[in-house]
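Engineer: Sequence plus the predicted model coming up.
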Amino acid sequence: MMCTEPISMFWNTYIGIVYATLYLCFVAYPIAFQQERSWAPGIGGLAFLGIGCGTLIPIAAEPLLRRIVNLHQKDPATGNVKPEARVSIVCIGAVLLAVGQLWFA
């Protein structure tokens, strides 16, 4: 399906970049906080709380985000919201990802 649907290839690439950024943070945080700033390993591990909070906040906000998505126009044939309605939420996440990486740098 990825080879026949361009949008699927785009989203697979986007999610791959997001996960690569997340997993590179697991490697970069100990270097940045323990080696460069001379934090103790226990204190340096607290830097991972930001990733945890950044994961839990969207999970808690999902009902609100679902209501926002459901406000969009529904497809009359199926009665479902079009998949493009979720793009605005993804755009917010993309901006926050870039801001977070610049803040870390």
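Structural biologist: Received it, and whenever you're ready, just let me know what you need.

Engineer: Mind naming the longest helix for this protein?
Structural biologist: Using DSSP state H, we find that the single longest helix of the chain is helix 6-30.

Engineer: Quick check: buried residues in it?
Structural biologist: Residues of helix 6-30 classed as buried by neighbour count (16 or more other CB atoms under 10 Å): 25, 29-30. No exception for glycine: its C-beta is placed from N, CA and C like everyone else's.

Engineer: can you map out the strands along the protein?
Structural biologist: Ranges of strands within the chain: none, based on DSSP state E.

Engineer: residue closest to the middle of it?
Structural biologist: Centrality entry for the chain: nearest residue to the mean C-alpha point is G93, 5.6 Å, by CA atoms, centre = their mean.

Engineer: doesn't Y29 make contact with F48?
Structural biologist: Yes. Between F48 and Y29 there is a contact under CB atoms under 8 Å: 6.3 Å.

Engineer: between those two, what contacts are shared?
Structural biologist: Residues touching both F48 and Y29 by CB atoms under 8 Å, 6 or more residues apart in numbering: none at all.

Engineer: what about the protein, any weak spots by pLDDT?
Structural biologist: Within the chain, no range satisfies pLDDT under 70.

Engineer: Helices along that one, start to end?
Structural biologist: 6-30, 41-44, 49-70, 87-104.

Engineer: can the ones you listed go into a markdown table with extra columns for distance to G79?
Structural biologist: Output for the helices of the chain, formatted as a markdown table (distance: least, CB to CB, whole Å):
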| stretch | distance to G79 |
| --- | --- |
| helix 6-30 | 22 |
| helix 41-44 | 51 |
| helix 49-70 | 11 |
| helix 87-104 | 20 |
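
Engineer: quick one: which of these is nearest A77?
Structural biologist: helix 49-70 (17.1 Å; CB to CB).

Engineer: buried stuff in the closest one?
Structural biologist: V69.

Engineer: Stretch 72-82 too?
Structural biologist: Those would be V81, for stretch 72-82 by 16+ other CB under 10 Å.
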